[in-house]
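# pasting the sequence and the predicted model now:
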Amino acid sequence: MVSRRRARVHDEPAYVLHQHDWSESSLILEVFSRHHGRVVLVGKGVKRPTSQFRSVLLPLQPLRLDWSGDGEVHTLKAAHYAGGHVMPAGDALLAGYYLNELLLRLTARDDPHPALFDHYAAAVRALAQGEDTALALRRFELLLLRTLGWLPDLTQEGLRLLPLEADAGYRLAAEAGLQPAAVDDAAALSGRQWRALAAALASDDPWAALAAEAPTLVGTALRAGLAALLHYHSGVRAFRTGELMRTVRRLAAAPSPVALPDPPS
């Protein structure tokens, strides 16, 4: 009988995107790796109090993983914290979970995108270091859509294929690309702004180049257009983590209840 050789991956850069229980002591892990894309691992015994993996297999932490197996689900063999930054906290933590949901909904398993992995790592690092949350999210959304081939040409109209006029307004439509709009349209950017984003995306280091476009990235107009694209291609009307982020912000902005005096003794 000829035995089938089991593939072994060693020291692979990766992040945990999601995990759920498999048994009383084991977990199923969805991880995003640099050279193998999104893969599913079973971590046997990792929930035991004596497991060395308990404090390592956390989301939004850079890891180095070993696994084996040639099926759809592989077996985790080793996991090490790669260092570099601490886990994001507060709003940044929720933003990081949103990045994870985007990858889970929009990427296919076993489809490697090394450049997208690097952009994700940069986004998580930016969140951990306290960068403006909106700036980090918009940069990653743009790069995710471009990597997956779903970002339209940002230098021309989507239907008529005409070059953008610098001072004219354009809005991003999910099925038709950039469409003419009034400059004062809340969901529109000028042709000059769209072309600047296109130039940044085409640069050798798009993550860094997009930082120079911060005023455009943190505005509501770009957020609306990118949200439409992301919802269209993911097939969902709302992302769970996005809804959670908005709920937390509403609660934080709500006035505190008036403190009542203590009853008389």
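Arrived safely, thanks for sending. Numbers count the residues shown, from 1 in each chain.

# report the beta-bridge partner residues of the closest residue to Asp167 other than its chain neighbours.
Closest residue to Asp167 apart from its sequence neighbours, by CB to CB, 6 or more residues apart in numbering: Ser190 at 6.0 Å. Placement of C-beta: from N, CA and C, glycine included. Counting by DSSP bridges, Ser190 forms beta bridges with Gly169.

# what about this structure, any weak spots by pLDDT?
Residue ranges of the chain with pLDDT under 70: 1-6, 242-265.

# could you list the domains of it?
9-81, 91-247 (automatic domain parsing).

# the residue nearest to Asp167 against Leu178, yeah?
No: using CB atoms under 8 Å, Ser190 is not in contact with Leu178; the gap is 11.1 Å.

# okay, and the nearest residue to Arg48 once chain neighbours are set aside sits in which element?
Closest residue in space to Arg48, ignoring its immediate chain neighbours: Ser25 at 5.2 Å, by CB to CB, 6+ apart. Assigned by DSSP states H and E, Ser25 belongs to no helix or strand.

# which residues touch Ser25?
By CB atoms under 8 Å, 6 or more residues apart in numbering, the residues touching Ser25 are 44-48.

# hmm, 10 Å instead?
Shown in contact with Ser25 (CB atoms under 10 Å, 6 or more residues apart in numbering): 43-49, 51.

# nearest to Tyr170 among those?
Closest approach between the contacts of Ser25 and Tyr170, by CB to CB: Gly43, at 47.3 Å.

# what are the ranges of the helices in the stretch 101-250 of the chain?
With DSSP state H, counting those that start in this stretch, the ranges of helices along the stretch 101-250 of the chain come out as 114-128, 133-147, 191-201, 206-211, 214-217, 220-234, 240-253.

# and the residue nearest the centre of the chain?
Residue closest to the average C-alpha location in the chain (CA atoms, centre = their mean): Leu99, at 2.3 Å.

# touching, it and Leu17? I think so.
Yes: Leu99 is within contact range of Leu17, at 8.8 Å (criterion: CB atoms under 10 Å).

# in the strand ranked longest in the chain, which residues are buried?
As assigned by DSSP state E, the longest strand anywhere in the chain is strand 8-21. By 16 or more other CB atoms under 10 Å, the buried positions in strand 8-21 come out as 9, 12-19.

# and for stretch 187-196?
Neighbour count says stretch 187-196 has 187-191, 193-196 buried, by 16+ other CB under 10 Å.

# cool, and stretch 156-165?
For stretch 156-165, by 16+ other CB under 10 Å, it's 156-158, 164.

# now stretch 50-60
51, 53, 56-57, 59-60.

# same question for stretch 197-215.
Across stretch 197-215, burial judged by 16+ other CB under 10 Å covers 197-198, 200-201, 206-207, 209-211, 213.

# tell me the one among these nearest to Thr133.
The nearest member of the buried residues of stretch 197-215 to Thr133, counting by CB to CB, is Ala211 at 13.9 Å.

# who's in contact with that closest one?
Neighbour list for Ala211: 126, 131-132, 135-136, 139, 200, 205, 217 [criterion: CB under 10 Å, 6+ apart].

# now the spatially closest residue to Leu137 that is not a sequence neighbour: how far from Val183?
Counting by CB to CB, 6+ apart, Ala95 is the residue found nearest to Leu137 once chain neighbours are left out, at 5.9 Å. According to CB to CB, to the nearest Å, Ala95 stands 30 Å off from Val183.

# sweet, I'm off.
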